[in-house]
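K.L.:
Structure of the sequence below:
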Amino acid sequence: MSLVLQNTADDSRQEIPMNKSGDVWHVAVDGLPSSSICYALRVSGNGGWETGYRWDKSRLLLDPRAPLVAGRKTWGTREPQEEFQLDKGSQWWGTFDFDSQFDWGSGYSRPQLSLKDLVIYEMSVRCFTASKSSGVDADMRGTYLGVADKVEYLKDLGVNAVELLPVFEYDELELQRWHNPREHMVNVWGYSHMSFMAPMSRFGTPGSGPVQAARDFKEMVRTLHNAGIQVILDVVYNHTAELDDKHPYLISMRGIDNMTCYMVDPSQYVQLINLSGCGNTVNANHPVVKQLIIDSLVHFVEEYHVDGFRFDLASCLCRDGKGHPIAAPPLIREIAKHPVLSKVHLIAEPWDLGMYQVGSFPNWDVWAEWNGKYRDDVRRFIKGDAGLKGAFATRVSGSADLYHTHNRRPYHSINFVTAHDGFSLHDLVSYNVKHNEANGEGNNDGSNDNFSWNCGVEGHTSDGGVLDMRYKQMKNYLTALLMSIGTPMIVMGDEVAISHHGNNNWYGHDTELSHMHWPSQGDERRQGLLRFTSELIRFRKSCPLLNREHFLGPKDITWHEDNWHNPDSRFLAWTLHDTHNTGFGCVYIAFNAHPFEVKVSLPKAPQGRKWCRLMDTNLPTPRDFTPGGIAGVDAVYGVAPYSAIVLVSKQL
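P.N.:
Residues are numbered from 1 along each chain as shown. Okay, the predicted model is just below:
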C-alpha cells in the first residue's frame with residue numbers, strides 16, 4: 001500500500017510507500033501544508049478473483065476516512081481533474097482543511113425538540129430550489145445555501161425538522177459511466193455514497209470545491225437551527241456506489257479490502273451478496289466497518305451539528321457477513337447505547353430485500369421506525385377500499401399493535417402517506433398505475449403496489465370536478481397524517497401538489513420532473529392547499545392530545561362505532577378526550593370514505609363547552625380550515641362523500 005499526494009497548485013504528485021504494523025497501514029509525512037493537498041491510496045495484494053478481493057494497483061483509491069472529497073466541482077459536469085474513463089469512472093481524492101474555523105455565533109444553540117413534537121419535512125437539497133420558480137438566485141439553486149434561503153418558507157409552513165435526502169459525497173453521473181439504458185440520468189436522490197465522512201461537495205457554492213461546501217453545509221444548519229428547525233440526515237450505510245462485479249466502480253473500500261467491507265461469498269458465482277438491490281451490501285457488523293459507521297455518525301453530530309439520522313434499508317445493518325439476520329446486531333446496539341448517538345433522533349427504514357421488520361426492528365427502546373403499514377392502511381382506507389376500517393383505526397391511534405411493547409412510545413412510529421420513493425401526494429390521487437417510461441427500463445422499475453386512485457381520469461386534466469375531488473383527497477390524506485398519534489412526516493412539495501407525472505421512481509431526473517415547482521400567487525388551488533397544510537400543522541403542534549408521550553388508554557379515546565366487522569363500512573369517527581385537563585378541550589374527528597354523504601349524530605360536548613368546526617375538507621378554501629374553530633355546529637352533521645371533519649370543544 002502507498003500514499004499518493006497531489007499538490008492542487010501545480011498538480012504534481014508524489015507516491016510514498018506505507019508501513020504495516022499488525023493490521024494497520026501507516027505513514028508519517030512531515031512538512032505538508034494544512035490545506036490544498038489531495039491524497040489517495042494505491043493498494044495491491046496477493047490472490048485473484050476467486051479469493052473475493054478486488055485489488056487493482058492501476059487505480060487510486062479514496063481514503064474511507066477522508067474528511068472531504070475532491071474531484072468534480074460543478075454539478076453534473078465532468079472536469080479534466082476527474083480523469084474519467086468509460087466503464088471505470090472518475091478519480092476521487094481525499095482532502096482536508098485545518099486552516100478554516102466556522103463561527104456558529106455567540107447566540108447560537110441547537111433546537112431541543114423531542115421526537116414526539118416533530119413535524120418532519122423530507123426533502124432533497126438539489127430538487128428543493130433547483131427550479132427558477134423557487135425565486136432563489138441562480139448561483140444558489142440546488143445548494144445548501146438555497147435551502148437556507150428558503151428558511152422563512154419552512155417556518156411559515158410550520159415544520160420543525162427537515163429530513164435531507166443523502167448529502168454524503170456521491171457521483172451524480174454514476175449512471176453515465178457505461179453504456180446502458182439509464183445513461184441519460186443524473187442522480188438527484190444520492191442513495192449511492194462513495195464516502196461516509198464528507199458532505200456532498202456539489203451541493204456547495206457552484207465551482208467552489210469541498211472546503212467551501214463544508215462551510216455552506218454548516219451555514220445551512222445554523223440558519224435552520226436559528227429558525228427552530230432541526231436537521232435529520234438520510235444516511236446510506238447498506239451499500240455504496242462501488243456497485244457489483246458486472247459494472248464495478250472501484251472507488252474506495254472495494255479496492256482496499258473487499259472481503260471486510262462487503263458481504264461476500266467467494267463460493268458463489270455472483271460473489272457480492274445483494275440485499276440492498278444496488279449490487280452490494282456493506283458488511284456493517286464487522287468490527288472495522290462498524291467503527292467506521294459509528295465514527296461517521298459522531299462526526300456529523302459533532303462537526304456539522306445534525307440532530308438525527310434516518311437509516312436507509314436499515315435491515316441490511318441487522319445481518320452478519322454472509323447476510324444472515326442477527327437478533328441483536330452489534331452496530332444497532334452500539335448506536336443505541338452510544339453517549340453521543342443515543343441522544344439524537346434514530347430512525348430506521350426497517351426493511352431490505354429479504355426482511356420486513358416494521359414493529360420488530362431491534363430498538364433498545366430508542367430507535368424509531370418508518371411505519372410502512374401506516375402508509376398502506378391509510379392509503380387504502382381513504383381511497384375507499386373495503387374492510388380497512390379497523391386497520392385505519394389502529395394506525396391513526398398510534399399503531400399500538402406494533403409499538404406498544406417494552407418502553408417504546410407512540411412517537412417511535414414515523415407516520416407517512418408518501419415518501420421520496422413512490423408517488424407524490426398529487427400523483428397518489430391522479431394515477432392508478434406508475435408511469436416510469438422516462439427511466440429507460442420499460443416501466444419495470446418502481447413499486448407496483450401504490451394503493452392509488454386517479455379520481456376518474458388518469459394523469460393531468462382540466463376537468464374541474466376531477467380536480468375538486470383530487471384536492472379534497474389530498475386534504476383527507478394530510479388530515480389523517482396530522483391528526484394521527486405518532487410522528488408525522490410530509491414530503492417536499494406535497495403541500496403545494498407537485499407532480500412527478502406519475503413517475504414513482506424519479507431518482508435520475510434533474511429536470512422539472514423532479515424539481516419542486518413553486519406555485520405562483522395566482523394559483524388558487526395550490527395556494528389553498530398550502531394554507532390548509534400550514535394551518536393543520538400549526539393546530540397539531542398546539543394540541544397536547546396529539547403530541548403524546550404515552551399510548552392512548554380507554555379514557556383517552558372514544559370510538560363512535562358499532563359496525564367494526566362490516567367490510568362495506570367506510571366511515572369512522574372518534575373523540576380524543578382531554579383527560580389530563582390541559583384546558584385544550586376535546587377533539588372530534590370523522591372520515592367518510594363512502595361515495596355518499598353520511599349524516600352523523602355528534603356526541604354531546606363536555607359540560608360547559610360546545611363543538612366548533614375546525615375543518616371540513618369538503619369546503620372550499622379558506623372555509624375548509626378555520627383557525628380556532630367556527631361555532632354553530634348542528635347536532636347532526638352531514639359528512640360529505642370522500643371527506644373528513646375535525647371539531648374542537650370550546651368553552652361557552
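K.L.:
what secondary structure does Ser36 sit in?
P.N.:
strand (DSSP: H, G, I helix; E, B strand; the rest coil).
K.L.:
ah, wrong one, I meant Gly459
P.N.:
Assignment for Gly459 (three-state DSSP): coil.
K.L.:
Thought His500 was touching it, still the case?
P.N.:
No. Using C-beta atoms under 8 Å, Gly459 is not in contact with His500; the gap is 11.5 Å. From N, CA and C alone the C-beta is placed, and that goes for glycine too.
K.L.:
And these two? Which one has more around it.
P.N.:
Per other C-beta atoms under 10 Å, whichever of Gly459 and His500 has more neighbours is His500, with 24 against 13.
K.L.:
what's near enough to touch the more buried one?
P.N.:
Contact analysis of His500 by C-beta atoms under 8 Å, 6 or more residues apart in numbering lists 423-424, 427, 506, 513-514.
K.L.:
try it again with 6 Å
P.N.:
424, 427, 506, 513 (C-beta atoms under 6 Å, 6 or more residues apart in numbering).
K.L.:
Can you flag which of these belong to helices?
P.N.:
Secondary structure from DSSP state H places Asp427 of these in helices.
K.L.:
Just give me the closest of the contacts of His500 to Asp312.
P.N.:
Trp506 (16.7 Å; C-beta to C-beta).
K.L.:
Do I have it right that the closest one meets Ser514?
P.N.:
Yes. With contact defined as C-beta atoms under 6 Å, Trp506 reaches Ser514; the gap is 4.9 Å.
K.L.:
Would you mind measuring from Leu353 to Pro181?
P.N.:
22 Å (C-beta to C-beta, to the nearest Å).
K.L.:
Of those two, which one has the most company?
P.N.:
Leu353 (14 against 11).
K.L.:
Which helix or strand contains that one?
P.N.:
Under DSSP states H and E, no helix or strand contains Leu353.
K.L.:
quick one: contacts for the closest residue to it other than its chain neighbours?
P.N.:
The shortest distance from Leu353 to any non-neighbouring residue, by C-beta to C-beta, 6 or more residues apart in numbering, is to Leu275 (5.0 Å). Leu275 is in contact with 281, 316, 323, 352-354, counting by C-beta under 6 Å, 6+ apart.
K.L.:
ok, and the most crowded of these?
P.N.:
Cys316 (28 neighbours).
K.L.:
Could you export stretch 350-364 as PDB, CA atoms only?
P.N.:
C-alpha atoms of stretch 350-364 as PDB (Å, rounded to 0.1, in the frame of the first residue of the first chain):
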ATOM      1  CA  PRO A 350     -37.000  -1.300   8.800                       C
ATOM      2  CA  TRP A 351     -36.700  -3.500   5.700                       C
ATOM      3  CA  ASP A 352     -34.400  -4.700   2.900                       C
ATOM      4  CA  LEU A 353     -34.800  -7.100   0.000                       C
ATOM      5  CA  GLY A 354     -35.200 -10.100   2.400                       C
ATOM      6  CA  MET A 355     -36.600  -8.700   5.700                       C
ATOM      7  CA  TYR A 356     -39.600  -6.600   6.700                       C
ATOM      8  CA  GLN A 357     -39.200  -5.500  10.300                       C
ATOM      9  CA  VAL A 358     -41.900  -2.900  10.800                       C
ATOM     10  CA  GLY A 359     -42.700  -3.100  14.500                       C
ATOM     11  CA  SER A 360     -39.900  -5.600  15.200                       C
ATOM     12  CA  PHE A 361     -36.700  -3.700  14.300                       C
ATOM     13  CA  PRO A 362     -34.100  -4.200  17.100                       C
ATOM     14  CA  ASN A 363     -34.600  -1.000  19.000                       C
ATOM     15  CA  TRP A 364     -33.500  -0.900  22.700                       C
END
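K.L.:
Buried ones in it, by neighbour count?
P.N.:
Applying a neighbour-count criterion of 16 or more other C-beta atoms under 10 Å, the buried positions in stretch 350-364 are 350-352, 355, 357-359, 361-364.
K.L.:
hmm, which two among these are most spread apart?
P.N.:
Maximum distance among those (C-beta to C-beta): 19.8 Å, for Asp352 and Trp364.
K.L.:
of all the contacts of His500, which comes closest to Lys57?
P.N.:
Nearest member of the contacts of His500 to Lys57, counting by C-beta to C-beta, is Trp506, at 39.4 Å.
K.L.:
thought Ser201 was touching Pro210?
P.N.:
Yes. The criterion here is C-beta under 6 Å, and Ser201 meets it with Pro210 at 4.1 Å.
K.L.:
pretty sure the residue nearest to Leu353 is in a strand, no?
P.N.:
No. Leu275: not assigned to a strand; according to three-state DSSP it is coil.
K.L.:
Would you state the helices of this structure in chain order?
P.N.:
So, for the chain - with DSSP H - the helices run 125-129, 144-149, 151-157, 210-226, 253-261, 287-302, 330-337, 372-382, 389-396, 400-403, 425-428, 464-482, 524-542.
K.L.:
For the first one, name the packing helices and strands.
P.N.:
Counting contacts by 3 or more C-beta pairs under 6 Å, 6 or more residues apart in numbering; DSSP states H and E, helix 125-129 is packed against helix 144-149.
K.L.:
just how off-centre is the helix it packs on within its chain?
P.N.:
Distance of helix 144-149 from its chain centroid, counting by C-alpha atoms, centre = their mean, to the nearest Å, is 18 Å.
K.L.:
can you check stretch 563-574 too?
P.N.:
For stretch 563-574, the distance to the chain centre is 33 Å (C-alpha atoms, centre = their mean).
K.L.:
what does stretch 382-389 give?
P.N.:
On C-alpha atoms, centre = their mean, the centre of stretch 382-389 falls 27 Å from the chain's centre.
K.L.:
Give the buried residues for that stretch.
P.N.:
382-385, 388-389.
K.L.:
Looking at those, which is nearest Cys455?
P.N.:
Nearest to Cys455 among the buried residues of stretch 382-389: Lys383, at 9.1 Å, using C-beta to C-beta.
K.L.:
how near is the closest one to Leu428?
P.N.:
On the measure of C-beta to C-beta, Lys383 and Leu428 end up 9 Å apart.
K.L.:
again with Leu478
P.N.:
11 Å.
K.L.:
can you check Leu614 too?
P.N.:
Using C-beta to C-beta, Leu614 is found at 24 Å from Leu428.
K.L.:
can you check His594 too?
P.N.:
19 Å.
K.L.:
Comparing the two, which residue is more hemmed in?
P.N.:
Under the criterion of other C-beta under 10 Å, the comparison of His594 against Leu428 puts Leu428 first, with 25 against 17.
K.L.:
Now His500. Nearest residue, chain neighbours left out?
P.N.:
Trp506 (4.6 Å).
K.L.:
wait, what's in contact with that neighbour?
P.N.:
Trp506 sits next to 500, 513-514 when contact means C-beta under 6 Å, 6+ apart.
K.L.:
State the phi and psi torsions of it.
P.N.:
Main-chain dihedrals, Trp506, degrees, to the nearest 10: phi -90, psi 30.
K.L.:
Please, where are all the strands along the stretch 501-650 of the chain?
P.N.:
557-559, 571-576, 587-592, 598-601, 609-616, 625-630, 636-639, 643-651 (DSSP state E, counting those that start in this stretch).
K.L.:
how far does the longest one sit from the chain's center?
P.N.:
Its chain's C-alpha centre and that of strand 643-651 lie 31 Å apart, by C-alpha atoms, centre = their mean.
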